[in-house]
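In: Just to be clear, the model below is a prediction. Sequence and coordinates:
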Amino acid sequence: MRPVLPASLLLLSACGIEPACGTDVLQVARDIGSDRYAATEVRSCGATTGFATIVRVGRASEPQSDAVEVFVADSDHGKVNAGMDGSIFMNVVWTAPGKLAIVHDERGRVFKRVAEAKGAQLTYRASRGPSLPPRPPRPDENFDWSRRND
């Protein structure tokens with residue numbers, strides 16, 4: 001008698017167990033004191049999951065696969081206004097050689113926050129995110145139509 005596998009196991013083996021995720025690099029900040037860098041990325045693993053904003057610290061002299069994931073957050077089911085790319089507000093800056101400052105939207109859900117990576121010290125600050133100035137009025141919004149024949 002031949003063993004029969006359930007159809008669900010066959011589908012998993014055909015598709016792989018891990019979901020196929022796409023990652024887009026949004027910004028790369030370079031440490032002026034070394035070959036370290038901090039890459040801000042947005043990751044999407046398909047239609048049934050949200051986007052994650054990730055910061056990774058690596059060294060230019062090492063393979064990118066050796067970069068350390070130091071920060072992971074998401075929009076907490078839409079509580080944060082995500083950008084068109086799905087990322088939440090982030091500001092990643094090397095403030096001095098070996099000192100990385102990460103500012104993120106306080107409304108985001110943080111999954112990972114690492115204090116040290118690749119010999120660099122990391123600090124974090126939660127912020128309300130960027131505030132946009134009010135939209136200026138269109139020219140016709142302030143036009144006094146009662147005086148149009150003057």
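Out: Everything's here; your move.
In: Give the bridge partners for the residue most central in space within the chain, please.
Out: With the centre of the chain defined as its mean C-alpha position, the nearest residue by Cα atoms, centre = their mean is Thr53, 2.1 Å away. Going by DSSP bridges, Thr53 is paired in beta bridges with Val42, Ala73.
In: if I pick it, what's in contact with it?
Out: 40-42, 71-74, 87-88, 90, 104, 108 (Cβ atoms under 8 Å, 6 or more residues apart in numbering). Backbone N, C-alpha and C define where each C-beta goes, glycine included.
In: distance of it from Ala117?
Out: Separation of Thr53 from Ala117 (Cβ to Cβ, to the nearest Å) stands at 17 Å.
In: again with His104
Out: Noted for His104: a distance of 16 Å to Ala117, by Cβ to Cβ.
In: Same drill for these two, tell me which one is more crowded.
Out: Counting neighbours by other Cβ atoms under 10 Å for His104 and for Ala117 shows that His104 has the greater number, 23 against 20.
In: Is that one in contact with Ser87, as I believe?
Out: No - in this structure, His104 is not within contact of Ser87 by Cβ atoms under 8 Å, at 10.3 Å.
In: what about Ala29, how many residues close to it?
Out: Residues lying near Ala29 (other Cβ under 10 Å) number 19.
In: so where is the chain shaky, pLDDT-wise?
Out: Residue ranges of the chain with pLDDT under 70: 1-19, 129-150.
In: show me where it has strands.
Out: According to DSSP state E, the chain carries its strands in the segments 22-30, 36-44, 51-59, 68-74, 90-96, 99-105, 109-113, 116-117, 120-127.
In: ranking the ones you listed by burial, who's on top?
Out: strand 51-59 (a mean of 23; mean count of other Cβ atoms under 10 Å).
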